[in-house]
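In: what would the 3D arrangement of this be:
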Amino acid sequence: MVQIKPFKAIRPNEAAAKEIASLPYDVLNSKEAREMASTNLKSFLHIDKAEIDLAEDQPPYAKEVYQKAADNLKNFIEKQWFQQDTTENFYIYQLIMNGRPQTGLVVCTAVEDYLDKKIKKHEFTRAEKELDRINHVDTTDANTSPIFLTYRENKTIDEVVNDWVAHYEPVYDFSSFHDVRHRVWVVDREETIEKLVALFAQKVKCLYIADGHHRTESAVKVALKRRAQFPNAPVETEFNFFLSVLFPENQLSIIDYNRVVNVPIEPDYFERLAEAFTVYNKGVVPYKPKTAKTMGMYVAGQWYELKVKPDIQTNDPVKGLDVAILQDHILTPIFDIQDIRTDKRIDFVGGIRGLKELADAVDSGEFSVAFAMYPPTMEDLLAVADSGEVMPPKSTWFESKLLSGLFIHPLETDKQTAEKEK
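Out: Here you go, the predicted model:
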């Protein structure tokens, strides 16, 4: 079973919450972040992507960037845009998109649970992306962005969370990116906190990373570094925990995570496709797959439906995924793309951007072919994680995105330093 812990969040004052809250650092590039925050001094992007406050030619992973992030965090606190709660609380974070709510519990989860594989992953990480967040967490001495975790539904936990939402007023209530409504409650009753801690300890066998593999790995590695620095620190020390938002899996859905590829299209391309797919020309009408084992393809101004032939389908939890079929029967054998995490000829487009984004990428000449994917289900994700396997990179895209800047978990290393120096 898993451990959750309340914490003293650093969070926006109520008047500043909407201005501060930003899209996650990893869905924006530096140019987009710079433009988005250029007229908003309170945007959390000044902390999460602090290169936007330095020269445009400044490398985004330079030491100066992380120091700027730490300085900006300190500045936000000094200006009282941020405040720290004086008691250890849980928080409830609800997102409503297109009338559909998802309600999560904001907590600290245990590094030890991740090391013991009670917090399960479904993707590998990229070393340079992981190092970026390690440096960010280490220098700011805080988990600045929440990790998006899920768990198998428990009706008793739902009842506790829903009861709080029904009887208390939110401290934040605003609409932001993509017209998503964001609401936050502070759970500060000791009886309720203790009940939630006990329910997760008794009823929830494991947690699953939905989004935030790099943030999880970086939080854990910073914690291990702190443990080496302070071997006598108690287990309840803040750096042994990391910031998470926990959602029951039945409230979540995965949307498509599409691919664009810059490769030569050889004359025998369609013949080779026919070995694994039945190909239907859809003309200029955009084609979005409606079932698993089908995918859309846009090439040379035309849309196609690719239907996976029965003889290559499998019940294997990983090999049976549409993104794995694309990899195994098109990207690797036809285009010689062996590792999509490192190959510069492939890029990824979240389904929230729509099919036009795929067609535009190809029509511009930057890419030669695009693939519109049918997304895995939540049960697919849990099955892969439970099997100890991993999905191909960029298999899942979740909406709504958790905004950054609404909760910060300080690691409080200064307290351990003071104790060590006594």
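In: which parts of this structure are helices?
Out: If DSSP state H is used as the criterion, the helices of the chain fall at 17-20, 30-37, 45-48, 63-78, 111-115, 127-140, 155-167, 190-203, 213-229, 269-273, 322-326, 355-363, 378-386, 413-421.
In: how long is stretch 407-415 end to end?
Out: Distance between the two ends of stretch 407-415: 20 Å, counting by C-alpha to C-alpha, to the nearest Å.
In: tell me the mean pLDDT over stretch 244-264?
Out: Averaging pLDDT along stretch 244-264 gives 94.
In: what ranges does the stretch 201-350 of the chain have for its strands?
Out: 207-211, 241-248, 254-255, 257-261, 277-283, 294-299, 302-308, 346-350 (DSSP state E, counting those that start in this stretch).
In: minimum distance to residue 403: which of those strands has it?
Out: strand 241-248 (10.5 Å; C-beta to C-beta). C-betas here are computed from N, CA, C, even on glycine.
In: name the strands paired with that closest one and say parallel or antiparallel.
Out: strand 100-110 (antiparallel), strand 147-151 (parallel) (DSSP bridges).
In: so can I have JSON lines of the ones you listed showing mean neighbour count?
Out: Shown next, in JSON lines, are the strands paired with strand 241-248 (neighbours: other C-beta atoms under 10 Å):
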{"stretch": "strand 100-110", "mean neighbour count": "22"}
{"stretch": "strand 147-151", "mean neighbour count": "24"}
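In: coming back round to it: columns distance to residue 227 on top of the strands of the stretch 201-350 of the chain, output as TSV?
Out: Output for these, formatted as TSV (distance: least, C-beta to C-beta, whole Å):
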stretch	distance to residue 227
strand 207-211	21
strand 241-248	12
strand 254-255	35
strand 257-261	35
strand 277-283	50
strand 294-299	45
strand 302-308	47
strand 346-350	35
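In: to residue 81, which of those lies closest?
Out: Counting by C-beta to C-beta, residue 81 lies closest to strand 241-248 out of the strands of the stretch 201-350 of the chain; the figure is 18.7 Å.
In: tell me how far that closest one is from the chain's mean position?
Out: Distance of strand 241-248 from the chain centroid (C-alpha atoms, centre = their mean, to the nearest Å) equals 12 Å.
In: in contact with residue 151, which residues?
Out: By C-beta atoms under 8 Å, 6 or more residues apart in numbering, the contact set of residue 151 is 2, 204, 206, 207, 208, 246, 247, 248, 249.
In: select from these the one having the most neighbours.
Out: residue 246 (27 neighbours; other C-beta atoms under 10 Å).
In: closest to residue 177 out of the strands of the stretch 201-350 of the chain?
Out: Closest of those to residue 177 is strand 346-350, at 12.6 Å (criterion: C-beta to C-beta).
In: just the CA trace of that closest one, in CSV.
Out: Extracted as CSV, the C-alpha positions of strand 346-350 are listed here (Å, rounded to 0.1, in the frame of the first residue of the first chain):
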residue,chain,number,x,y,z
ILE,A,346,10.6,12.5,-35.9
ASP,A,347,8.5,14.8,-33.8
PHE,A,348,5.3,14.6,-31.8
VAL,A,349,2.1,16.6,-31.8
GLY,A,350,-0.4,16.4,-29.0
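In: now do the buried residues in that strand.
Out: 346, 347, 349, 350 (16 or more other C-beta atoms under 10 Å).
In: contact partners for residue 331?
Out: Residue 331 is in contact with 259, 261, 337, 340, 346, counting by C-beta under 8 Å, 6+ apart.
In: which PyMOL command selects the buried ones in those residues?
Out: Selecting only the buried entries of the contacts of residue 331 in PyMOL, with 16+ other C-beta under 10 Å as the criterion:
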select buried, resi 259+261+337+340+346
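In: stretch 223-234: how far from the chain's middle?
Out: Here stretch 223-234 is found 27 Å from its chain centre; the criterion is C-alpha atoms, centre = their mean.
In: that one: end-to-end distance?
Out: Terminal-residue distance, stretch 223-234 (C-alpha to C-alpha): 13 Å.
In: other residues contacting it?
Out: Outside stretch 223-234, the residues touching it (C-beta under 8 Å, 6+ apart) are 111, 138, 237, 239, 240, 242, 411, 413, 416, 417, 419, 420.
In: pull the number of nearby residues for residue 301.
Out: Residue 301: 10 surrounding residues under other C-beta under 10 Å.
In: just to check, it is in contact with residue 284?
Out: Yes - proximity of residue 301 to residue 284 meets the contact threshold set by C-beta atoms under 8 Å, at 6.9 Å.
In: out of the contacts of residue 151, who's nearest residue 221?
Out: Residue 221 lies nearest to residue 207 out of the contacts of residue 151, by C-beta to C-beta, at 18.5 Å.
In: list the contacts of the closest residue to residue 82 other than its chain neighbours.
Out: Spatial nearest neighbour of residue 82, excluding adjacent residues (C-beta to C-beta, 6 or more residues apart in numbering): residue 76 at 4.7 Å. Going by C-beta under 8 Å, 6+ apart, residue 76 touches 20, 42, 46, 47, 82.
In: which one (most neighbours) among these?
Out: Result: residue 47 is most packed of the contacts of residue 76 (other C-beta under 10 Å), 29 neighbours.
In: outline the domain layout of the chain.
Out: Residue ranges for the domains of the chain, per automatic domain parsing: 4-254+400-421, 257-374.
In: let's have those domains in JSON lines, adding distance to residue 390.
Out: Output for the domains of the chain, formatted as JSON lines (distance: least, C-beta to C-beta, whole Å):
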{"stretch": "domain 4-254+400-421", "distance to residue 390": "5"}
{"stretch": "domain 257-374", "distance to residue 390": "7"}
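In: quick one on the thing from earlier: and of the strands paired with strand 241-248, who's closest to residue 217?
Out: strand 147-151 (10.1 Å).
In: can you say which of the contacts of stretch 223-234 are buried?
Out: So, by 16+ other C-beta under 10 Å, the buried ones in the contacts of stretch 223-234 are 111, 138, 237, 239, 240, 242, 411, 413, 416.
In: tell me the one of those residues nearest residue 98?
Out: Residue 98 has its nearest neighbour among the buried ones among the contacts of stretch 223-234 in residue 242, at 30.4 Å by C-beta to C-beta.
In: and residue 306, how many neighbours?
Out: When neighbours are counted by other C-beta under 10 Å, residue 306 comes out with 26.
In: I'd like the distance between it and residue 219.
Out: From residue 306 across to residue 219, the span is 39 Å (C-beta to C-beta, to the nearest Å).
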